[in-house]
Structure formats: C-alpha cells, structure tokens
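Visitor: here is a sequence with its predicted model. Questions after.
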There are 2 protein chains.
Amino acid sequence: MIDTHVFKTKKQTLASTIYDIAKKAGVSIATVSRVFNQSSSVSERTREKVLAVANEVGYHPQIHAQGLASKKSNTIMAVVPIISNYFFMEVLSGIQDKLLQNNYELNIFNVTAGTDFFNQVEHVLKRRWAEGYLFISIHLKDEEWARLKKYGVPITLIDEYYEGFDTVSVDNVQGAYKATQNLIGNGYRRIAMLSALETSKPILDRKEGYVAALKDAGLPFDEELVVRGDTLYRDGFTERGGYEAMTKILTMTPEVEACVCASDIQAVGALKAMQDLNKTIPIIGYDDIELAEYMGLSTIRQPMRDMGYFATQTLIDRFTNPEKAISQTIYTPELILRGSTDKS
Amino acid sequence: MIDTHVFKTKKQTLASTIYDIAKKAGVSIATVSRVFNQSSSVSERTREKVLAVANEVGYHPQIHAQGLASKKSNTIMAVVPIISNYFFMEVLSGIQDKLLQNNYELNIFNVTAGTDFFNQVEHVLKRRWAEGYLFISIHLKDEEWARLKKYGVPITLIDEYYEGFDTVSVDNVQGAYKATQNLIGNGYRRIAMLSALETSKPILDRKEGYVAALKDAGLPFDEELVVRGDTLYRDGFTERGGYEAMTKILTMTPEVEACVCASDIQAVGALKAMQDLNKTIPIIGYDDIELAEYMGLSTIRQPMRDMGYFATQTLIDRFTNPEKAISQTIYTPELILRGSTDKS
DNA sequence: TGGAATAATGTAAGCGCTTTCATTACATTA
DNA sequence: TAATGTAATGAAAGCGCTTACATTATTCCA
C-alpha cells in the first residue's frame, strides 16, 4: 500500500529580500533599492509597481544590511545611566519632539553604574550602532571624553560640560545659588542642603552654589548641614533618599530653619518626613518636574525638554555639517516660587 | 603637568575591521571572529594575541555586519507608546534587571499616537532590528495582532492580552473593582470614577470593574460620575488631567462622596484640585508608583517591575525554545490602603 | 527626423562579518 | 614508526543591501 499522505511542512515564511521583490516586480534590485531610498530617477510606474509588490509581501529593507552597505542607519542613540529618572524622562520627551520632525529613529542604551562604567560607554561607540549619540547625564573625566573623541563620531552631551563636544547643560552652581539666596533673603540663617551621592557631578556643582551663596551673605558654612540619605539607589535621587535625609536633618540639627534640595523627587520624600515628624520648614526643590506644580513645591527650573530638543537639533546639524564649530550651550536655571516656601 | 590643548585632528580615524586585526595578529579573519564569539576551538595563545591587538586599536565587531552575517543581533526591542510615563519607567526597570543577567542589549522604540499607529508598530517588525520584542501597553485589535504574528518573530506583550502571544498583564477589571468595593464598604454611595481617554484599553477595563462593583453592591451606575479632564496629552494620564477632572467632579456633582482614580499621577492632580477647592473626599489611585507611598495615597498596586522582569524572561525563554507553549500571565492587583482614604 | 541630452534601469563590486568545510599540526596508540 | 584521531586554523561563500558605472529608453530640438 502506498502512502500518499502529504506532510504539510510548516512553511517557514522566509523573510523576503530585495531579490524577491525585484523578481516579482520584474526589475533589478538596484531599482528596488532606489524606490526605498526615494532616489530621484525611478519612473512613477516602476515605483508604484515595486511598492505594490513590496506591500503585498510585507517587505522592508533590513536594517543590518542597509547599515552595512551604506554605513548609515538613520539612528540616534541616547545613552543614559539607569533609566527610571524624571529628569531623563523630560529630556527624552524633548528629544522625541525633535526627532519627529526628522527621519531618525531613537534608541536608548542604558549604562549601569559600576567600575566598568567607562567601558560600557565606550562599548556603545565601538559597536557603531548609530550615526550619532546623545549622552545624557553621563559624567566622565576629561581624559575619558578625550578618548571617546577618537572615535570620530558625532556626540552631543546633555547635562555635562566638555570642550571637545557640543554640550547642552544648565548652570547648576547658579541654580543652587539662587535657591539658597532666596531663602537667605527671607531671613533664614541656618539653611540645610538636602544632598545625594557626594561624587555626583550635579551635587558637586550645587553644593558649590550653596556654599557661595552662604559666603556672599556672610553666613558660615557648616558641613553638618549638608545631608544625604543612606539609600544610594539612583545616586540617592529618590523619594526615599529625600525622606531619610530630611529625617536626619530634623532630628540631628533641629535648629535648621530651611532647606535647599537636590531634586524635586527628593523633596517629595522630605515633605513626607516633615509631616511624619510634625515639623515644617521652607524647602526648595530642583528640576521643576511636572509634579512640583501640583505639590506646591518651590523649585529651580531646568528647561529639560528644551535641552533635549536643542541637543538633538545640534546633533543633527552636525551630521550635515561636520565642520561646524563646537558649541557649548548653558541654560540659566529659574527660581519658581510656590507654597513650600511661603512664610507661615 | 597636564597638557590641555585643543584637538585639531580632523583625520577621521578609519574604523578597523576584522581584516586589520587578523593581519596584525597574523591569523585569519575566521580566527578573529572565533575569538569574539567565544567559540571553543581557539588556542589560548592565539586568543590572547588577537585580544591584545584588538584592544590596542580599539576594535569591536560592528553590529550591522554581525547582524547581517549571523542573522542575530543580541538585541531586544521594547516598543512603547510615548515614553514619559511612570508605568513604563517601572516596567522598564524590571526589564533591565532581567537583561543584566543575560547578554542582551535593550533598545527602546517609541510609537506615537495617531492614525498610522499600527503601521508604526508593524514597521518596527519589518526592519528586523531585534531578535525579540516586548510590546508595552500597545493595544491593538485582534486582527492586527494576528497580522503581526505572521512575522514569526518572538514577541511578548506587557499590559495587554492576546492569545497568540505570550502576555503578561494585570487584571484591570478586578483592580478597579477592589478599589470601588473598598469605598463602598466604607459606606460611600456616590462614588466617582476619575477617568481618562475613553477608548484607552485600561480605562475600558477599569470602568467595567467600577461598574461591576457598584452593581454587585446594588448601587446605581451614573454615567455622569465618570469624568475625565480635557487635556488628552498622554491619553489624559497626567497630573493636569487629574486636576481638571477632579475640578469638574467637585463643581458639577458636589454630592460625590469618594473617588476611584485611573492612575496615581492623576490622583496627584486631583489632590491639588481638592485642596484648591477646599474640599476633600477619599480617593484611591492606581499603579502604586513610588511616589504614592510618600504622598499617603491609597492605591491599587500593579507589580510593574515584576511584570517587566517576567516578560523579559518569557521572551528569552522563547528564543531558546521556540516551540514552547504560549502563556498568558495575569497578575492580581492589590489594594494598598494609606492616608487618602482615612475617614476623617 | 537624426542624434545629442537626459532619464531610467541594470550590472557588479563591495560593506564587515559568520560559518561550513577543508586543511594542517600535533598528540596517541599499537 | 606508521596509522589514526583530534584540536586549531584557514579559505571561501554568502548575508541583504547600496552605489558607482555601464547600458538602454526617452525626450527634445534644430
């Protein structure tokens, strides 16, 4: 007996390539390629035919093949240290806004804190994944930046300053200065700084501004009043970090009259701590995330979205004009007064 | 003394390729490739030699070339609709956690709302950028999902349910039910639902739970008590959206006794609205973002990090075992009681 | 209406890797 | 020592695309 049963081979829907399309459309692969690259010289008729075929089988050029052949990928990579942060989110949304107007795709690469931090960053460049890079809140030593420069790839730094690259940042010293100065102007003398990981670059700058404001007002600087929480997750820029720090401040140096804060999110924790300890002092946050408005939190505004937007623009400009002079853009932070600093 | 002069080298340092390394190390390109792919049969001596050379010139295989030749890229792509959202952030951090243990790179692709939403999503798959995809809060019709399935690529859905893919979600109906039930249990009768864009899938489900709870308690359902703000940016899941909605509720239906909310972030706005109008009613949020704890906000907890973590695991499992049975994982939301529902 | 100018298409050589298969070098064993 | 097995390496054929450059169709004007 003859077995006539046919095995239905699970038909692997092999991805179609440019050859398949070319064949079906009766043209050469070059023409197909042209169609997908809006190259000028393709007649309207062929274009339509190719597009029809491509659409029918769901064809689209593969990114890796394109990338290899053309040495471009129409991709911008945002490199950020740990993602879950309000500052990044805002910056990112500015980047998106700009990208929407251009034909670039955004990829986000996360580097994790640790000893091999620089290696991770360098690794990203080595892979040559993108045409340009946005480094957000990545802080390196000058010689490390210099080393990255060797890769000859367009890079724009956000929230960091280095002469060799286009950078977009905010004057952190000035921001903290303004906040502290405001408190001093309101008559407070013993002002604490709610800090975070000491080695963090923004913290360093903000402390400097805080100290300068005290000094300019003829007030003594007391290291004891610079306090951070013990939870160092995300460098201490967390609700918990703020809660812990404020608890310390209120219990260990009860004579404190006011407080400048390294971030809004920490301020949220600090507010809770004050509530729990049933003691309220004026407080100024930092960043002006959307939340701050709804919490009545006075703060120092950083134009985060603008920064993202502008940095992206700068980067794209460099694609088209690599010889463009390197630019450093520094925004001025703005003091926003709300309920948390009202005199009671 | 440190030399701090300006860079002037214009010379594009040509990226070195596998050939350069092979030549300098005196081996064939195949061997170099093997070294970079921890392939077994390379003698320790050659391995070291190759690595030394590669390190010297800063060589690393190019992703596009690798991707083309091997048809893999060791990359997972997370597809999300608009990035700046607390829910995504938390899920993302769960994904990162899992990824850290494996050797995959994460890329994030943003789709923007609009008429061509589906096209954007499909486009991502067409490019074949990654080996697997995590779709976060992407809601499509069944036939659309079916269409994506044709691409034969590993996909895991987060915060969505569809039988054809592995999915990880939370029972939104139950979550809203629990919240509403709690309020009813506390004696409130006129309970509002602070909503967002009506067509949003989570909103649909949550409303269903809200209605069911009312019905089960023998309470009437009043469409007028389901309110959203007018600002629809991010589908209305914003502080502002919450503020507007609560303002409406309090002014148009002043007899309302309590409120269930579609998200914590909206609850923040709602809290402010209550404060501004000087009227407080019990409120329950949704999500349990970190902030909620520090704001004393009762809420429905979604295990966001766990979801991200588990979904990633599921996806990676599928790489190694494509024939694995498709799984639907549904988490149970948890009611977290805090100050915002305390009886005054 | 011929022929130059121009538009449309095709040919083929890579892009930088991976991978199969063949080859070589070396260690074992009888 | 010859035969055999195994580990290490190399040669070469693609992967799916872009892009000079070459070739063929069209167009246009004197």
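Guide: Thanks, I have it. Residues are numbered from 1 along each chain as shown, chains lettered A, B, ... in the order given.
Visitor: so where is the stretch 51-200 of chain A shaky, pLDDT-wise?
Guide: A:83-84 (pLDDT under 70).
Visitor: quick one: the strands in it, in order.
Guide: For the stretch 51-200 of chain A, strands defined by DSSP state E, counting those that start in this stretch occupy the ranges A:75-81, A:105-111, A:132-136, A:155-158, A:166-170, A:191-194.
Visitor: what packs against the fifth one?
Guide: In terms of contacts (3 or more Cβ pairs under 8 Å, 6 or more residues apart in numbering or on different chains; DSSP states H and E), strand A:166-170 is packed against strand A:155-158, helix A:304-320, strand A:328-331. C-beta here means a position set from N, CA and C on the backbone, and glycine is covered the same way.
Visitor: quick check: angle from that strand to helix A:304-320?
Guide: For strand A:166-170 against helix A:304-320, the angle by axes from the mean of the first three to the mean of the last three Cα atoms, to 10 degrees is 170 degrees.
Visitor: equivalent analysis for the second one, please.
Guide: Using the same axes, to 10 degrees, the inter-axis angle of strand A:105-111 relative to helix A:304-320 is 110 degrees.
Visitor: same deal with the first one?
Guide: An angle of 140 degrees separates the directions of strand A:75-81 and helix A:304-320 when computed by the same axes, to 10 degrees.
Visitor: element containing residue A:42?
Guide: Using DSSP states H and E, residue A:42 sits within no helix or strand.
Visitor: please work out how many residues are found near it.
Guide: Per other Cβ atoms under 10 Å in any protein chain shown, the neighbour tally for residue A:42 reads 19.
Visitor: likewise for residue A:46?
Guide: 16.
Visitor: same check, this time on the one 3 residues further on
Guide: By the criterion of other Cβ under 10 Å, residue A:49 has 17 neighbours.
Visitor: that one against residue A:25, yeah?
Guide: Yes. Counting by Cβ atoms under 8 Å, residue A:25 is a contact partner of residue A:49 at 5.1 Å.
Visitor: run through the residues that contact residue A:258.
Guide: Applying Cβ atoms under 8 Å, 6 or more residues apart in numbering or on different chains to residue A:258 gives the contacts A:183, A:186, A:188, A:190-192, A:281-283, A:341.
Visitor: make it 7 Å
Guide: Going by Cβ atoms under 7 Å, 6 or more residues apart in numbering or on different chains, residue A:258 touches A:183, A:188, A:191, A:281-282.
Visitor: per-residue pLDDT, it?
Guide: At residue A:258, the model reports a pLDDT of 97.
Visitor: now it: how far from residue A:193?
Guide: 10 Å (Cβ to Cβ, to the nearest Å).
Visitor: burial count for the residue of the stretch 201-344 of chain A at minimum distance from DNA strand D?
Guide: Residue nearest to DNA strand D within the stretch 201-344 of chain A: residue A:319 (13.8 Å; Cβ to the nearest atom of the strand). Residue A:319 has 15 neighbouring residues, counting by other Cβ under 10 Å.
Visitor: next: residue A:43.
Guide: 9.
Visitor: what does residue A:315 give?
Guide: Residues lying near residue A:315 (other Cβ under 10 Å) number 24.
Visitor: burial measure for residue A:57, as a count.
Guide: Applying other Cβ under 10 Å, we find 13 residues neighbouring residue A:57.
Visitor: can you tell me the closest non-neighbouring residue to it?
Guide: residue A:16 (4.9 Å; Cβ to Cβ, 6 or more residues apart in numbering or on different chains).
Visitor: kindly report the same for residue A:326.
Guide: Nearest-residue entry for residue A:326: residue A:166, 5.8 Å, with adjacent residues in sequence omitted and distances by Cβ to Cβ, 6+ apart.
Visitor: please apply the same query to residue A:157.
Guide: Sequence neighbours aside, residue A:167 is the residue nearest to residue A:157 in space, at 4.2 Å (criterion: Cβ to Cβ, 6+ apart).
Visitor: surely that neighbour meets residue A:159?
Guide: No. Taking contacts as Cβ atoms under 7 Å, residue A:167 lies outside contact range of residue A:159: 8.7 Å.
Visitor: residues in contact with the residue of the stretch 201-344 of chain A closest to DNA strand D?
Guide: Neighbours of residue A:319 in contact, by Cβ under 7 Å, 6+ apart: A:131-132, A:154.
Visitor: just the residues you listed now: which is nearest DNA strand D?
Guide: residue A:131 (12.4 Å).
Visitor: how far away is the closest one from DNA strand C?
Guide: 15 Å (Cβ to the nearest atom of the strand, to the nearest Å).
Visitor: number of nearby residues for that residue?
Guide: If you count neighbours by other Cβ under 10 Å, residue A:131 ends up with 20.
Visitor: which residue is the nearest non-sequential neighbour of it?
Guide: Leaving out its chain neighbours, the residue that sits closest to residue A:131 by Cβ to Cβ, 6+ apart is residue A:72, at 5.7 Å.
Visitor: how about the residues of the stretch 101-250 of chain A by chain B?
Guide: Proximity of the stretch 101-250 of chain A to chain B (Cβ under 7 Å from any Cβ of the partner chain) is limited to residues A:106-108, A:110, A:112, A:126-129, A:149-150, A:152, A:164, A:239, A:243.
Visitor: rerun at 8 Å
Guide: A:105-110, A:112, A:122-123, A:126-129, A:142, A:146, A:149-152, A:163-164, A:238-240, A:243 (Cβ under 8 Å from any Cβ of the partner chain).
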